[in-house]
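>>> Structure, please.
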Amino acid sequence: MRTFLFLSLFATLLLSLNSCVRESSDSVDQDRIFTDYELYYNANEDKTYARATFRFSNALGTKLELAAPSEVTFDGDLLTFNQALAYYEKTLAGFVQSGAFEWKDTEGNVFTNTISINEIGYPVELDTIVRSGSYDLIWTGDPLGDHENVTLTANGENEADAQLFFTNDTGAQNIVLGKDKLEKIGAGPGTLFMDRRYQPALSQATGAGGLLTGRYRPENAEVVFE
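Next up is the predicted model:
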């Protein structure tokens, strides 16, 4: 558990350092701005985050801070710039299932993209996972549709024993935790972190393209690995 937390903090630090490198959006060709929109609900906090990140050229490009009159909104509300992480964000109370991002570039072009979030949850009886064989975790919520995936991180209390599981099978309502990974997790108490992502294509985008994500994280599950 300590290693997982350390790695999370280290990754956050690297992201923060990387975010210090940014440019103003009026210094680049507006059609080469890569847009990344995310509507993310975290049940652990009961908050929804509407986030927008702008980069030059592609997903790995330099982050951009919008120059007036360029702006980005979610359902009409202006998103504010997070100086530390170099993205735009608005925090909303409770579960906001859907909404529309609207970005206006410096030349007055307007791009609107609507996204929704699909719920997911752990089975009520989940409390123990046996590591000597594979474990079939059947979630609560609809089966996966097109452009959806589920990731699950299982983290024990031992050093460096966190394991990642993934599925994007259309129609799936379960994720199989393989024995080869489960047996790497130490026996004892642990935590499960799960995310369901819906990532359709942008309906309105620049020539650089972008990403559109609706993400749901249920309350983390405390389990015992045997």
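>>> Under the pLDDT cut-off, which ranges of the protein? List them.
By pLDDT under 70, the weakly predicted segments of the chain are 1-21.
>>> can we see that at 50?
2-6, 17, 19 (pLDDT under 50).
>>> Do a quick rundown of the helices in it.
Taking DSSP state H to define them, one finds helices in the chain at 2-19, 179-182.
>>> What separation is there between Glu157 and Thr151?
According to Cβ to Cβ, to the nearest Å, Glu157 stands 21 Å off from Thr151. Every C-beta, even on glycine, is put in place using the N, C-alpha and C of the backbone.
>>> Tell me who's in contact with the residue most central in space within the chain.
For the chain, Arg215 is the residue whose C-alpha lies nearest the centre (Cα atoms, centre = their mean; 5.5 Å). Arg215 makes contacts with 38-41, 117, 195-198, as judged by Cβ atoms under 8 Å, 6 or more residues apart in numbering.
>>> and if you look at Glu89?
Glu89 neighbours (Cβ under 8 Å, 6+ apart): 49-52, 79-80, 82.
>>> Make a PyMOL selection of the buried ones in those residues.
For the buried members of the contacts of Glu89, the matching PyMOL selection, counting by 16 or more other Cβ atoms under 10 Å, is:
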select buried, resi 49+50+51+52+79
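>>> Which one of the contacts of Glu89 is nearest to Glu125?
Tyr49 (30.6 Å; Cβ to Cβ).
>>> Excluding chain neighbours, what is closest to Phe111?
Gln204 (4.2 Å; Cβ to Cβ, 6 or more residues apart in numbering).
>>> Wait, that neighbour touches Asp105, no?
No. Counting by Cβ atoms under 8 Å, Gln204 stays clear of Asp105, with 11.5 Å between them.
>>> shared neighbours, these two?
Taking Cβ under 8 Å, 6+ apart as the contact rule, Gln204 and Asp105 both touch Phe111.
>>> Look at those two and report which has more neighbours.
In this view Gln204 and Asp105 are compared by other Cβ atoms under 10 Å, and Asp105 has more residues nearby, 22 against 15.
>>> Nearest residue to the more buried one in space, ignoring adjacent ones along the chain?
Gln30 (4.3 Å).
>>> what's the burial count for that neighbour?
Gln30 has 16 nearby residues by other Cβ under 10 Å.
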